[in-house]
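> No sequence on hand, only this structure:
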């Protein structure tokens, strides 16, 4: 029965193999990361100096919108789905994902969604220009005609995410190896299980929001139009009911990755495994009841502001538990600083910083000042980039030897890390100052007093952008010409079923499930 | 073994989609009514005033705005009235469809200061319904209201502003 992959392009088009599909997802998301990064470079180049230099303001707005959409829906989300595809079956001792054909479908509709979205750049009237949060009526009454393409792109990307999530839930609940009880699952699997439930709950709400937009624009309804008895504020409620769980959809799998890497390089079991599981669940639950903290300025009653403020602050508790556990895992461990560990430590520090600014933003009276300034931009890039993207980089360096059977060049990996780390902080740390100084986000120009820090930020952005070329080089040179490795365990401190199979991971793994009934759990 | 689980998850997806479109908008409207947010009163105020407070005079001013490119003539018949709290008043807005096509309009109210929102009660208002006007047709549109005697003492002037929207062809 055992057979290798098919030959040629059909291998990739028709594949139902979780490793192939994982690879497709990872490469696709990297392509989107480069595209979204290119948009970011246009933004930072325009903001290098005050005044209009390179692009028209209308085009600048299209760049900020497309940057956000491509990064969130095209780069970060699919990258973690790719990681889930590769790792979850191997981590729980399953031969493949539960629904392999749906897996193929859920990947292959994605390129169409993003080709459609990117094509709007070449349309008359331009690409969507209303920000990635696409608030009505900017995205309805005043939207460019290309908004319909944007809506269908979101529908398709959402369908892909929902199918991917159903697949992950079915795999985790039904296909664990004998003896792999829920509380023995690696944390990456746990965080993805919870993320998948979040996705199933809120992606349909996003689909509902864009469907209502579609109806308002083309079929004469008035969900978000005050003229017909609707309300634009309703749009914000629907959007953020999706949008807040969405940010945890992005970050929870990153938590999972970090919870795998830190124990390996600290050569200690993860501190507080059970509390990590409960904290993740608590964060997921809280994400549903805090959405209006994005809307402190729309005119909600004081009692509402207070409720959303306190509920938001509550999220710091389970998140604090996680940070405490990571630090405690490192405490008195015999730590070594390979590239994945450097990214993981940077994640813990920078994500915590982003969490602190999040706490500042949660205070409703202060948010009146911070709202829609660069302070918010700095905050969410600390959690999205230093959070999600750093953990993704860590994951690639950590598992690349297992995937490819080749070792990356440690010096080049470290170079990538340090250039990223420094570039990232030069880019986004000054944006805190700009925001506190009152510079609003989403503008193509700014007042003169913001000139210096904007120039610094732009220089940092070019450094950070360049560091990702280094990343691409590292991955390709490893896969093509890296030093061959064959021992199952790449890292001496690593635990988990994925390190018990051959290196590189064979096309089919665990066709006979391992029996873990007698063993202690991998993650402990 | 996956079928039952997948069916449940798919059902959850459908339920959440329906929740967004069919439950959230009415729920939002309900929450606004219960919490008293949003300046819009969608239906007639039905209780009568307890008494007329003749010791006090409140000025109620009327404004009009044409939203976007709305081509109608739309303006209040009188720009302000002085009323005693509790006293029923009737005023009118004049509207004319200056175009050569039949149109439907909707007026959306807004009240300042915000502290007066709960104290201006409309018994009858053209804003409760859409106003169709044939090409070239004109109309006086009625507004009957009273100011609640409980109106905070600090407020002596209330401004009521209507924006008129073109809703021709809207569902």
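Structure's in. What do you need? If you're wondering where the values come from, they're calculated on a predicted model, not measured in any experiment.
> list the helices and strands the helix or strand where residue A:24 lies packs on?
According to DSSP states H and E, residue A:24 maps onto helix A:18-46. Helices and strands touching helix A:18-46, by 3 or more C-beta pairs under 8 Å, 6 or more residues apart in numbering or on different chains; DSSP states H and E, are helix A:9-13, helix A:57-69, helix A:77-92, helix A:100-108, helix A:110-119, helix A:390-404, helix A:451-481. No exception for glycine: its C-beta is placed from N, CA and C like everyone else's.
> Which residues in that helix does the neighbour count mark as buried?
By neighbour count with 16 or more other C-beta atoms under 10 Å in any protein chain shown, helix A:18-46 contains the buried residues A:18-26, A:28-37, A:39-46.
> could you give the angle of it to helix A:110-119?
Relative orientation of helix A:18-46 versus helix A:110-119 (axes from the mean of the first three to the mean of the last three C-alpha atoms, to 10 degrees): 10 degrees.
> Taking helix A:77-92 as reference, get the angle to helix A:18-46.
Using the same axes, to 10 degrees: helix A:18-46 against helix A:77-92 is 150 degrees.
> before we move on, back to that, adding mean pLDDT, mean neighbour count and distance to residue A:225, write the helices and strands packed on helix A:18-46 out as CSV.
As requested, those are exported to CSV (pLDDT from 0 to 100; neighbours: other C-beta atoms under 10 Å in any protein chain shown; distance: least, C-beta to C-beta, whole Å):
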stretch, mean pLDDT, mean neighbour count, distance to residue A:225
helix A:9-13, 91, 12, 43
helix A:57-69, 96, 21, 21
helix A:77-92, 97, 27, 30
helix A:100-108, 96, 19, 34
helix A:110-119, 97, 18, 25
helix A:390-404, 97, 25, 40
helix A:451-481, 97, 17, 37
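> mind checking which of the ones you listed is nearest residue A:269?
Judged by C-beta to C-beta, the one of the helices and strands packed on helix A:18-46 that comes nearest to residue A:269 is helix A:77-92, at 15.8 Å.
> Any stretches of chain B with poor pLDDT?
Residues of chain B meeting the criterion pLDDT under 70: B:36-43, B:49, B:171.
> how about the residues of it that lie near chain A?
For chain B, the residues in contact with chain A (C-beta under 8 Å from any C-beta of the partner chain) are B:1-2, B:5-6, B:9-10, B:12-21, B:24-25, B:28-29, B:32, B:35-38, B:42, B:67, B:106, B:108, B:165-167, B:169-171.
> I'd like to know the predicted local confidence at the residue in the stretch 301-450 of chain A positioned nearest to chain B, please.
Proximity of the stretch 301-450 of chain A to chain B (C-beta to the nearest C-beta) peaks at residue A:301, 5.5 Å away. You'll see residue A:301 listed with a pLDDT of 85.
> re the thing from before, adding distance to residue A:434, write the helices and strands packed on helix A:18-46 out as JSON lines.
Converted to JSON lines, the helices and strands packed on helix A:18-46 look like this (distance: least, C-beta to C-beta, whole Å):
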{"stretch": "helix A:9-13", "distance to residue A:434": "44"}
{"stretch": "helix A:57-69", "distance to residue A:434": "15"}
{"stretch": "helix A:77-92", "distance to residue A:434": "28"}
{"stretch": "helix A:100-108", "distance to residue A:434": "39"}
{"stretch": "helix A:110-119", "distance to residue A:434": "29"}
{"stretch": "helix A:390-404", "distance to residue A:434": "22"}
{"stretch": "helix A:451-481", "distance to residue A:434": "5"}
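> CSV please, covering the ones you listed and showing distance to chain B.
As requested, these are arranged in CSV below (distance: least, C-beta to the nearest C-beta, whole Å):
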stretch, distance to chain B
helix A:9-13, 24
helix A:57-69, 19
helix A:77-92, 14
helix A:100-108, 9
helix A:110-119, 17
helix A:390-404, 26
helix A:451-481, 33
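> so which of those helices gets nearest residue A:494?
Across the helices and strands packed on helix A:18-46, closest to residue A:494 is helix A:390-404 (C-beta to C-beta), at 8.5 Å.
> Tell me which other helices or strands that closest one touches.
Packing contacts for helix A:390-404, counted by 3+ C-beta pairs under 8 Å, 6+ apart, involve helix A:18-46, helix A:77-92, helix A:232-266, helix A:339-362, helix A:410-436, helix A:451-481.
> Around the nearest residue to residue A:378 once chain neighbours are set aside, count how many other residues there are.
Spatially, and ignoring its direct neighbours in sequence, residue A:378 is nearest to residue A:431 (3.8 Å; C-beta to C-beta, 6 or more residues apart in numbering or on different chains). Using other C-beta atoms under 10 Å in any protein chain shown, residue A:431 has 25 neighbouring residues.
> correct me, but residue A:431 touches residue A:457?
Yes - under the criterion of C-beta atoms under 8 Å, residue A:431 makes contact with residue A:457 at 5.8 Å.
> what about the residue nearest to residue A:124 when sequence neighbours are not counted, how many neighbours?
Leaving aside its sequence neighbours, residue A:124 sits nearest to residue A:145 (C-beta to C-beta, 6+ apart; 7.3 Å). If you count neighbours by other C-beta under 10 Å, residue A:145 ends up with 12.
> ditto for residue A:419
Other residues lying near residue A:419 total 18 when counted by other C-beta under 10 Å.
> who touches it in this structure?
A:463-464, A:466-467, A:470 (C-beta atoms under 8 Å, 6 or more residues apart in numbering or on different chains).
> mind listing what residue A:239 touches?
Residue A:239 sits next to A:133-135, A:206, A:209 when contact means C-beta under 8 Å, 6+ apart.
> cool, residue B:79 as well?
Counting by C-beta under 8 Å, 6+ apart, residue B:79 has contacts B:61-62.
> what about the longest helix in chain B?
Within chain B, and with DSSP state H defining each element, the longest helix by residue count is helix B:3-18.
> Residues in contact with that helix: which ones?
Contacts of helix B:3-18 (C-beta under 8 Å, 6+ apart): A:99, A:162, A:165-166, A:169-170, A:173-174, A:200-205, A:207-208, A:211.
> swap the cut-off to 7 Å and go again
A:162, A:166, A:169-170, A:173-174, A:200-201, A:204-205, A:207-208 (C-beta atoms under 7 Å, 6 or more residues apart in numbering or on different chains).
> Nearest to chain B, out of the residues you listed: which one, please.
Closest to chain B, out of all of the contacts of helix B:3-18 and judged by C-beta to the nearest C-beta, is residue A:208, at 2.6 Å.
> Name the helix or strand for that closest one, please.
helix A:187-218.
> how big is the angle separating that helix from helix A:390-404?
Interaxial angle of helix A:187-218 relative to helix A:390-404 (the same axes, to 10 degrees): 120 degrees.
> And the residue nearest to residue A:378, how close does it get to residue A:198?
Here residue A:431 is placed at a distance of 28 Å from residue A:198 (C-beta to C-beta, to the nearest Å).
> what does residue A:256 give?
With C-beta to C-beta as the criterion, residue A:256 and residue A:198 are 13 Å apart.
> the more surrounded of these two?
Taking other C-beta under 10 Å, residue A:256 and residue A:198 do not tie; residue A:256 has more neighbours (28 against 20).
> residues in contact with that one?
A:187-188, A:190-192.
> ok, now with 6 Å
Contact analysis of residue A:256 by C-beta atoms under 6 Å, 6 or more residues apart in numbering or on different chains lists A:187-188, A:191.
> How about residue A:180?
A:92-93, A:516.
> Which member of those residues is positioned nearest residue A:178?
residue A:516 (6.8 Å).
> wait, that closest one sits on residue A:185?
No - when contacts are counted by C-beta atoms under 6 Å, residue A:516 is not listed as touching residue A:185 (10.6 Å).
> Check chain B for the residue nearest chain A and tell me.
residue B:20 (2.6 Å).
> nearest residue to that residue other than its sequence neighbours?
Counting by C-beta to C-beta, 6+ apart, residue A:208 is the residue found nearest to residue B:20 once chain neighbours are left out, at 2.6 Å.
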